[in-house]
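> Output the structure for:
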Amino acid sequence: MSMERNIETFLGCDADYSAAKIVLFGAPFDSTTSFRPGARFGPAAMRHESFGLETYSPYQDKDLTDYSVFDSGNLELCFGDTALALHAIESQAANIFDAGKLPLLLGGEHLVTLGSVRAAAARFSDLHIIHFDAHADLRDDYLGARLSHACVLRRCHDLLGDGRIHQFCIRSGDREEFRFAREHTALHLFGFEGLEETVQRLQQTRVPVYLTIDLDCLDCGIFPGTGTPEAGGVSFVQLLSAIETATRCRIVGADLNELAPMLDPSGISTATACKVLRELLLALLKQNI
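I've put the predicted structure just below:
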């Protein structure tokens, strides 16, 4: 399948589709947001504001211009039908997988991850997930809805089963979520302790790994532009280090989500999200392409 490059691309992501190793696509969806909406505007904001960044990363001594990344723009999603929106995300991720490329999804609320994970799980029977987030996202339902951003990792568990989901930075959830995690996922509280050991185990077996990053893992003092901010998060530098560690695995797909740009009029949250995305792209390209 061929795709057309988006008119406004993320910084340096303007390669031809045929040459690209990674394909960016946006899912501007926030219809199940439980607190403050606005994440649907995250992908466009990251593209628009990315031109305030350099393509070169002094953190990794790498430059996006040395690689081929294609930005296909945002999907047009049905806000009134969550299942239909997830199907569209799954279909786009499937097209990218089938072309032998790595899909990198920009949310949007965290539920969009489920569409991409469905496509990955259909192709990789032994898929694992590494999950960075303030919230466990393990509720079986939220106010009766099983398709909610508060339930996204529970729905991923429905697909993958026990021992496949590795959660870090978690500092919020109801009691039943933490009880569920003790039996079914590997949940690490408050930070990245245990990530190195997890990555070493996953490296040894070379299992395929999907990396999902909810930007509210960052402390809300430095990243207030998100729908459900939680005090006590990690620093920007800690997140970058964790991304470099996680991407030593065999990453087959990834996403970055939950930037709600209008909730931070200063623009600092959007600038931070852009820099995280640049570093994520470079880490993926450096380790896995």
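> mind listing what's buried in the strand or helix carrying Ala271?
Using DSSP states H and E, Ala271 sits in helix 268-288. By neighbour count on 16 or more other Cβ atoms under 10 Å, the buried set for helix 268-288 is 269-286, 288. Every residue, glycine included, has its C-beta placed from N, CA and C.
> Okay, now the unreliable bits of this protein?
Along the chain, the model assigns pLDDT under 70 to residues 1-6, 144, 288-289.
> ok, which stretches of it are strands?
For the chain, the strands defined by DSSP state E cover 22-27, 56-57, 62-63, 69-74, 102-107, 128-132, 165-170, 186-189, 208-214, 250-257.
> I'd like those written out as JSON lines, with mean neighbour count added.
Formatted as JSON lines, these follow (neighbours: other Cβ atoms under 10 Å):
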{"stretch": "strand 22-27", "mean neighbour count": "26"}
{"stretch": "strand 56-57", "mean neighbour count": "18"}
{"stretch": "strand 62-63", "mean neighbour count": "16"}
{"stretch": "strand 69-74", "mean neighbour count": "23"}
{"stretch": "strand 102-107", "mean neighbour count": "26"}
{"stretch": "strand 128-132", "mean neighbour count": "25"}
{"stretch": "strand 165-170", "mean neighbour count": "25"}
{"stretch": "strand 186-189", "mean neighbour count": "18"}
{"stretch": "strand 208-214", "mean neighbour count": "26"}
{"stretch": "strand 250-257", "mean neighbour count": "24"}
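> To Ala231, which of the ones you listed lies closest?
Ala231 lies closest to strand 165-170 among the strands of the chain, at 12.6 Å (Cβ to Cβ).
> Could you pull out the helices in the protein for me?
42-49, 82-98, 112-123, 152-160, 175-184, 195-205, 236-246, 268-288 (DSSP state H).
> how about these in JSON lines, adding distance to Phe132?
Formatted as JSON lines, those follow (distance: least, Cβ to Cβ, whole Å):
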{"stretch": "helix 42-49", "distance to Phe132": "16"}
{"stretch": "helix 82-98", "distance to Phe132": "19"}
{"stretch": "helix 112-123", "distance to Phe132": "12"}
{"stretch": "helix 152-160", "distance to Phe132": "11"}
{"stretch": "helix 175-184", "distance to Phe132": "15"}
{"stretch": "helix 195-205", "distance to Phe132": "9"}
{"stretch": "helix 236-246", "distance to Phe132": "7"}
{"stretch": "helix 268-288", "distance to Phe132": "10"}
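> Of those, give the one that comes closest to Val252.
For the helices of the chain, the distance to Val252 is smallest for helix 112-123, at 6.0 Å, taking Cβ to Cβ.
> contacting residues around Ala273?
42, 45-46, 215, 223, 225, 256, 259 (Cβ atoms under 8 Å, 6 or more residues apart in numbering).
> actually Ala45, sorry about that
Residues near Ala45 by Cβ under 8 Å, 6+ apart: 259, 261, 270, 273.
> one more time with 10 Å, if that's ok
38, 106, 225, 259-262, 267, 269-271, 273-274 (Cβ atoms under 10 Å, 6 or more residues apart in numbering).
> ok, those vs Thr205, which is closest?
Comparing the contacts of Ala45 against Thr205 with Cβ to Cβ places Leu106 closest, at 29.1 Å.
> what residues are up against the closest one?
Contacts for Leu106 (Cβ under 10 Å, 6+ apart) come out as 10, 24-28, 42-47, 71, 74, 112, 255-257, 259, 273, 277.
> closest one to Thr198 among the strands of the chain?
Nearest to Thr198, of the strands of the chain and by Cβ to Cβ, is strand 165-170 at 5.1 Å.
> Who are the packing partners of that closest one?
With contacts taken as 3 or more Cβ pairs under 10 Å, 6 or more residues apart in numbering; DSSP states H and E, strand 165-170 sits against strand 128-132, helix 152-160, helix 175-184, strand 186-189, helix 195-205, strand 208-214, helix 236-246.
> In a markdown table: the ones you listed, plus distance to Tyr142.
As requested, these are exported to a markdown table (distance: least, Cβ to Cβ, whole Å):
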| stretch | distance to Tyr142 |
| --- | --- |
| strand 128-132 | 17 |
| helix 152-160 | 10 |
| helix 175-184 | 11 |
| strand 186-189 | 18 |
| helix 195-205 | 27 |
| strand 208-214 | 15 |
| helix 236-246 | 26 |
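> Relative to Asp140, which of the ones you listed is closest?
helix 152-160 (5.8 Å).
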